[in-house]
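A.B. asks: Curious how this folds, go ahead:
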Amino acid sequence: MNHSQTKNLVGTALCIALGLILPQVFHLIGAGPVFLPMHIPVLLCGLCFGWPFGLICGAVTPLLSSVMTGMPPLFPTGTAMVFELAAYGALSGLLYRKFRQNIYLSLIAAMLGGRVVSGLASAIFYGVAGKAYGLQIFLTGAFVTGLPGIILQILIVPVLVIVLEKSRVISSPGLMKV
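C.D. replies: Presented below is the predicted three-dimensional model:
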């Protein structure tokens, strides 16, 4: 395993750990569903380490959180979140690292794509669970309740990635070997 691969694995593990810790902190003040703290490390992982690592981080984090803390409940919420967060991590990494799109475009497109995946997964899993789920519930959960979290992600995530690139903790997509 080369140095870059090791760095990516360690960074992904750190993002998973943050994805377990941040929600606990936000839930202490009752702000978990509003600020979407598990999304931040997953988006960071994809942007910093690429789509495969972002996908793994996004799929593993809600499962581990559900098993370790009971939040989110494993089914249907946690299961739907596995698909949603995996999409965030994969899309952010694909757009920014592989296709070298602007960081803001990559982030916002990943956030929108992940929400579409969330809506589809939730419709399936909530339906299987016999729970109500429809367009109004989707729009409220994906865009209204989480609006402060969406704003926080747009303000903080790109800045963190740019700082990490400028300090050479991670490589910039323009400097990556092809």
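A.B. asks: Under the pLDDT cut-off, which ranges of the protein? List them.
C.D. replies: Counting by pLDDT under 70, the chain contains low-confidence residues at 175-178.
A.B. asks: Tell me where it has helices.
C.D. replies: For the chain, applying DSSP state H gives helices covering 3-28, 32-35, 39-49, 51-69, 79-93, 103-128, 135-139, 147-166.
A.B. asks: could I get those as TSV with distance to residue 173 and mean neighbour count?
C.D. replies: Bear in mind the C-beta positions are built from the backbone N, C-alpha and C, glycine included. Compiled in TSV, these are given as follows (distance: least, C-beta to C-beta, whole Å; neighbours: other C-beta atoms under 10 Å):
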stretch	distance to residue 173	mean neighbour count
helix 3-28	13	16
helix 32-35	28	18
helix 39-49	9	30
helix 51-69	12	21
helix 79-93	10	27
helix 103-128	9	19
helix 135-139	32	13
helix 147-166	9	16
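A.B. asks: Reformat the ones you listed as CSV; add distance to residue 172.
C.D. replies: Output for the helices of the chain, formatted as CSV (distance: least, C-beta to C-beta, whole Å):
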stretch, distance to residue 172
helix 3-28, 13
helix 32-35, 28
helix 39-49, 11
helix 51-69, 16
helix 79-93, 14
helix 103-128, 10
helix 135-139, 36
helix 147-166, 4
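A.B. asks: what's the closest non-adjacent residue to residue 73?
C.D. replies: Once flanking residues are discounted, residue 73 sits nearest to residue 66: 6.8 Å by C-beta to C-beta, 6 or more residues apart in numbering.
A.B. asks: Please look at residue 41 and residue 23 and confirm they touch.
C.D. replies: No: between residue 41 and residue 23 there is no contact under C-beta atoms under 8 Å: 9.8 Å.
A.B. asks: Please tell me how far the residue of the chain positioned farthest from its centre sits from residue 76.
C.D. replies: What lies farthest from the middle of the chain is residue 130; by C-alpha atoms, centre = their mean that is 26.9 Å. For residue 130, the distance to residue 76 equals 10 Å [C-beta to C-beta, to the nearest Å].
A.B. asks: How about residue 121?
C.D. replies: Distance check for residue 121 against residue 76: by C-beta to C-beta, it reads 9 Å.
A.B. asks: Identify the residues contacting the residue nearest to residue 73.
C.D. replies: 72, 73, 74, 78 (C-beta atoms under 8 Å, 6 or more residues apart in numbering).
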